[in-house]
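Colleague: sequence first, then the predicted structure:
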Amino acid sequence: MARSGSDVSCPGEKLVFLFLLIAMVVVVTAVTLAVVGGGDREVLPESAPEQFVDPLPTTRPVGRADIEALRLPVGARGYRMADVDEVLARLGAELAERDSRIAELESSLAGAQATAVGRPDLFKNPGEEDQR
């Protein structure tokens with residue numbers, strides 16, 4: 001009876017298989033110990049959470065460069081809502097203040113223009129006298 005080629009087993013194949021099996025067990029054990037900690041000390045120590053330091057100026061109005069330089073700290077699931085709310089409230093207050101100032105200046109300009117249009121000597125030079 002003749003043997004087929006697939007039944008032929010080499011002693012080296014068993015040795016390679018055994019080596020790969022042992023290597024896999026060592027790697028899995030090392031990864032498990034690294035994840036679990038494997039001792040009293042922490043593998044990944046707890047880090048203090050980032051604290052928001054408001055870089056927006058308090059002595060002058062907020063400008064475009066201030067907003068572009070603003071970086072909010074990132075929490076576990078994105079930005080911290082309290083920090084974002086604080087910045088948005090500050091920007092909202094500044095925009096409301098600017099809108100109020102713009103409206104005030106526009107109304108005073110409109111009043112000045114209405115007064116100027118109602119004057120009969122609007123187109124006269126200041127040194128020119130009425131020659132009637």
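Modeller: On my side now, so go ahead. Residues are numbered from 1 along each chain as shown.
Colleague: surely D66 touches P57?
Modeller: Yes - D66 is within contact range of P57, at 6.3 Å (criterion: C-beta atoms under 8 Å). Bear in mind the C-beta positions are built from the backbone N, C-alpha and C, glycine included.
Colleague: and the two? Which one has more around it.
Modeller: The neighbour count for D66 versus P57, taken as other C-beta atoms under 10 Å, is higher for D66 (15 against 10).
Colleague: that one belongs to a helix, doesn't it?
Modeller: Yes - according to DSSP: H, G, I helix; E, B strand; the rest coil, D66 belongs to a helix.
Colleague: any idea how far it is from D54?
Modeller: Distance, D66 to D54, using C-beta to C-beta, to the nearest Å: 10 Å.
Colleague: what do you get for G75?
Modeller: For G75, the distance to D54 - C-beta to C-beta - is 17 Å.
Colleague: after the helix or strand of the chain with the lowest mean pLDDT, next one along is what?
Modeller: Least confident helix or strand of the chain, by mean pLDDT, DSSP states H and E, is strand 74-75 with a mean of 74. Per DSSP states H and E, the first helix or strand lying C-terminal to strand 74-75 is strand 78-79.
Colleague: quick one: strands adjacent to that next one?
Modeller: Its sheet considered, strand 78-79 pairs with strand 74-75 (antiparallel) by DSSP bridges.
Colleague: top helix in the chain by residue count?
Modeller: For the chain, the helix with the greatest residue count under DSSP state H is helix 81-118.
Colleague: neighbours around S107, how many?
Modeller: Count around S107 with other C-beta under 10 Å applied: 10.
Colleague: tell me the confidence at it?
Modeller: At S107, the pLDDT value in this model is 92.
Colleague: where does this structure dip in pLDDT?
Modeller: 1-9, 37-52, 118-132 (pLDDT under 70).
Colleague: what number of residues lie near V87?
Modeller: V87: 19 neighbours (other C-beta under 10 Å).
Colleague: just checking, it touches L72?
Modeller: Yes - assessed by C-beta under 8 Å, V87 is found in contact with L72 at 6.9 Å.
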